[in-house]
Each structure stands twice: as structure tokens, then as C-alpha cells.
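**Student:** Have a look at this prediction, sequence included:
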Amino acid sequence: MQNLDNDLYLRALRGEKVERTPIWVMRQAGRYLPEYRATRKQAGDFLTLCKTPELACEVTLQPIDRFGLDAAILFSDILTIPDAMGLELELEEGIGPVFNKPIRSKAMIDALAVPDMGSGLGYVMDAVGTIRKALNGRVPLIGFTGSPWTLASYMVEGSGSKEFRRIKGLMFEDPAATHQLLGVVTESVIEYLHAQVEAGVQSLMVFDTWGGMLSTSNYQAFSLAYMQQIVASLKSKHPEVPIVLFTKGGGQWLESMAETGCDGLGLDWTVDLAEARRRVGSKVVLQGNLDPVVMNTSGAQVATEAESVLASYGQHDGSSKGHIFNLGHGIQPFAKPDNMRTLVETVKAKSAAYHL
Ligand code: CP3
């Protein structure tokens, strides 16, 4: 394996002692950056950007070049899997992702198959290879997937949703069909992550954006159980590749999430970092959790709030696995690029005191 110039993120995820807190940001390549908007315009639309490895590579590196973050994340989307399954993804301006052929019947679930990783999703693996080459060992590359529950939610709803009437309706009325759907999505996710690792990603993150919409027992049965299968399969073949699980709104389930055998947990801003550390910090690394809206305020506010996140995790004294700085969810299009610079500089300057 190629040596990295900056392997702080991977060392932190392994629970090793590091000299300062590493930082990367969810959606770090996105619309708040003028250079991202320019490349997307050149591509024509978002999906073409994802499907053109050279352009996906270009936007992946934009925030690395500009801000000196400690990890790059593959530029793609979680909805590439259902797109490759034939649901036909489109990103509608002002609405978000929409499927032309959402799941509307049991027959459509029966007809679903694991997509071919070469013909269906080869562009993602090509992007990974292109990005690894362009990074040339500067920082590690994070690969990712949506959780089966989150992917199934979009597949059944056909778009984003507030109430999740269709997917929850299916879960309550036909749990067997829901498990069948989650099963084929899980198999696809597992193959997809194995392929990403083989193409060169150096750590993995599972985005369970909608698991937090479930009751505790349904979270266990319909979301966590499938993420557990994913962790088990990846760990059996690639034990050296760290895995971070992120259930937005999942703060009350951290103990059971930590028991999956994952290496880290992503936390949203509603979770108190000090309390999360007491609960699961000796088992897993914690990643997060500044409220993304702070990035739309002043630089002084960003610095103050970032310092309070560092203080909230506290001293890296060997009693816990450690902290990786991130936001509690993706950075928003309204964020000021200069605030990202302030955030990175603050974390780099102020975190060393917590690693003595
Ligand atoms: O973090 C990164 O920089 C890597 C790229 C990345 C994107 N989407 C790019 C993107 C990642 C990791 C994702 C994951 C993703 N996609 C999630 C999980 C994380 C989360 O936010 O909860 C979800 C739920 C999606 C589905 C999705 N894709 C939505 C809801 C949207 C619309 C969002 C919006 O703000 O309009 C997308 C499109 C999307 N994916 C954009 C980006 C940069 C915006 C596209 C654009 O207009 O240029």
C-alpha cells in the first residue's frame, strides 16, 4: 500500500495516538464552493458530474486544495445503487433526487437484482482510481454508501420525504416484502463497498440519513441489522479498512451501533459529545458534530463553536478511542467558503492542546 503524506485520519480511526484532531467535512465538495458550481456547469448536470471520472476527481480535490483537509471523500451519491438497479435517478433543481421508476408493487421488489458492478457502477470505481492517482498520497480517500434503510426509503418514496408514509406503510403492512427489499439492497451495498475498496478507497462511511425516523425496535430490525451485515462482510475480507456508521438522529442508539464492530460513529449536533464519549468512547472513535448552520454565520462564531466542540470531547488521555472533527450533517449551499478556512485553521491550531 502506498504511503500517505498525511495519514492522521486513518491513524485516528484506528484509535492510535495522534498529534492533533483530524478534520474533514461532509459534503465538502459542494455548491458552497464557486469552483464546484463551475465544474458542475461544465458537466451540464449533477449526474453527468458523478458519471465522468475526470470531473468527479476534479471536484473531489477542490476542497483538499483550497482548505488542507485531512481526508478526501469520493465525489458521488448514495443513490447510484438504485439508479443502477433501473430506477432512473434524476436530480431536480430545487426538489432534490427523484426516481422516474420508484418501487410501487411487490412485483417490482421481486424483479430487483444486485446491479453489475462493472457495467452498472464501473464509473464509480473508475472515479476512485482516477482520484487516488490525482491525490498521489496526500490524504486518504473515503468511500461510502447509503444504508439499506435509507436507500430503500428513497426507492419506495420516489424522492425525499418528510413523513415517509410509503416506506413506513410498507414496513408495517408487509414486513416480509420490506425485508426482501432490504436484503437485495444490502447485498448490492456489500458488493459495492468491496468494489470501492478494491478500486482504492482507504476507509468507508455508511450514511443512514433516515434511520432516525424509526422507533427503537424498528431501527434495530430494519436499519441496524442490515448495517451490521455490511460491517461483518467488510471486516471478514478487508479488516484493515475502517468503517464509520452515521445514523442521523440515532443518538439514543449509540451503544447498539458500537456493538456492530464498526470503528467509528458519526454524530449529529443533537448529541452531547462528552456524554457520547462516556457511553461508547472507549469502544469507537467519535466523528462530528458541529451544527452545519454555524457555517453560514460569522468567522468569529465558527471559531468559538469549533473550540467548544473540541472542549466537549476533551483530553485525549488514553481512556477513549478519540475524536475526528466534522459537522453533524452536510455543509449547506449557503455556507461561506471563508468559514471553512476558519474552521480548518481553528481545529488545526487549537486541537493539539487536547492531545498532550
Ligand atoms: O460529501 C461529499 O462531498 C461527497 C459527496 C456526496 C454527495 N452526496 C454529493 C451531492 C455524498 C457523500 C452524498 C451522500 C448523500 N446523498 C446522502 C447521505 C448524506 C446526507 O446528506 O444525509 C443523501 C441523503 C444523498 C441524497 C441526495 N443527493 C440528496 C438529498 C441530494 C440533494 C441535496 C441538495 O442539497 O439539493 C443529493 C444531491 C447531491 N449529492 C449534491 C451533492 C454535492 C448537490 C448536487 C448539486 O446540486 O450540485
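**Tutor:** Structure received. Numbering: from 1, shown residues only.
**Student:** For the rest of this, base every contact and every neighbour count on C-alpha atoms.
**Tutor:** Fine.
**Student:** What separation is there between the closest residue to the ligand within the stretch 201-350 of the chain and residue 150?
**Tutor:** As assessed by Cα to the nearest ligand atom, the ligand sits closest to residue 209 within the stretch 201-350 of the chain, at 4.5 Å. Separation of residue 209 from residue 150 (Cα to Cα, to the nearest Å) stands at 6 Å.
**Student:** circling back to that earlier point, list the residues that contact the residue nearest to the residue of the stretch 201-350 of the chain closest to the ligand when sequence neighbours are not counted.
**Tutor:** Leaving out its chain neighbours, the residue that sits closest to residue 209 by Cα to Cα, 6 or more residues apart in numbering is residue 248, at 5.1 Å. By Cα atoms under 8 Å, 6 or more residues apart in numbering, the residues touching residue 248 are 208-212, 267-268, 329.
**Student:** In strands only, show me those.
**Tutor:** residue 208 (DSSP state E).
**Student:** For the chain, which helix or strand comes out least confident on mean pLDDT?
**Tutor:** Least confident helix or strand, the chain: strand 89-92 with a mean of 94, by mean pLDDT, DSSP states H and E.
**Student:** coming back round to it: the more surrounded of residue 209 and residue 150?
**Tutor:** Taking other Cα atoms under 10 Å, residue 209 and residue 150 do not tie; residue 150 has more neighbours (23 against 19).
**Student:** Torsion angles phi and psi at residue 146?
**Tutor:** The phi/psi pair for residue 146 (degrees, to the nearest 10) reads phi -80, psi 160.
**Student:** give me every residue that touches it.
**Tutor:** Per Cα under 8 Å, 6+ apart, neighbours of residue 146: 78-79, 189, 206-209.
**Student:** how about 7 Å then?
**Tutor:** Going by Cα atoms under 7 Å, 6 or more residues apart in numbering, residue 146 touches 78, 206-208.
**Student:** Out of these, flag the one nearest to residue 62.
**Tutor:** Ranked by distance to residue 62 (Cα to Cα), the contacts of residue 146 are led by residue 78 at 20.2 Å.
**Student:** Once you drop chain neighbours, what's closest to the closest one?
**Tutor:** residue 146 (4.9 Å).
**Student:** any idea how far that neighbour lies from residue 197?
**Tutor:** Using Cα to Cα, residue 146 is found at 16 Å from residue 197.
**Student:** same thing with residue 306?
**Tutor:** 32 Å.
**Student:** So for those two, which sits in the more crowded spot?
**Tutor:** Between residue 306 and residue 197, residue 306 has the larger neighbour count (other Cα under 10 Å), namely 26 against 21.
**Student:** Give me the spatial nearest neighbour of the closest residue to the ligand within the chain, chain neighbours excluded.
**Tutor:** Nearest residue of the chain to the ligand: residue 27, at 3.0 Å (Cα to the nearest ligand atom). The shortest distance from residue 27 to any non-neighbouring residue, by Cα to Cα, 6+ apart, is to residue 330 (5.0 Å).
**Student:** so where do the strands sit in the stretch 1-150 of the chain?
**Tutor:** Per DSSP state E, counting those that start in this stretch, the stretch 1-150 of the chain carries strands over the ranges 72-73, 89-92, 96-99, 141-146.
**Student:** Isn't residue 76 up against residue 50?
**Tutor:** Yes - using Cα atoms under 7 Å, residue 76 is in contact with residue 50, at 5.2 Å.
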